[in-house]
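**Student:** compute the structure for the input listed below.
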Amino acid sequence: MNGKIPSIGSLRERVQLFTKVMSKDDAGGHVVSFVSIGDVWAKVIPSKGRTFFEVNSRSAIATHEVLMRFRDDLNVGDQIIYRDEKLELVSVNDLNGRRAYLRCICTKKTVAG
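**Tutor:** The predicted model follows:
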């Protein structure tokens, strides 16, 4: 997309938004959980993917671009659920500086054995 404003009718995919919440556990560490902040219409564009080896296993990372109406409650590390797949937000930007659309770059990591 690269800054091109989508038509409102192109937001055809229903996605779920989750914000990352960290809380302390009894051992003094932290527990990470995700809390739902709503469902929205979005345009999801698979961008690229790659495979690599790490610690005796093969992994794959797929990148997706997710466009939605602007909101200010999403941050890097939050999650978007799209077609039962967890996408982690790695970038969240106002698409054109007018607070109309939000452009999120997300990754999905899969371990393949």
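**Student:** report the contact partners of L74.
**Tutor:** Counting by Cβ atoms under 8 Å, 6 or more residues apart in numbering, L74 touches L17, T19, I37, L89, V92, L102, C104. (Glycine included, C-beta is placed from N, CA and C.)
**Student:** among those residues, which one sits closest to L11?
**Tutor:** L102 (11.0 Å; Cβ to Cβ).
**Student:** can you list contacts of the host helix or strand of the closest one?
**Tutor:** Per DSSP states H and E, L102 falls inside strand 101-111. Counting contacts by Cβ under 8 Å, 6+ apart, the residues outside strand 101-111 that touch it are 1, 5-6, 47, 57-71, 74, 80, 85-95.
**Student:** do that again at 6 Å, thanks
**Tutor:** 57, 59-68, 70, 80, 85, 87-93, 95 (Cβ atoms under 6 Å, 6 or more residues apart in numbering).
**Student:** and the residues you listed, which of them are buried?
**Tutor:** Buried by 16 or more other Cβ atoms under 10 Å: A62, T63, H64, E65, V66, L67, M68, I80, L87, L89, V92, L95, out of these.
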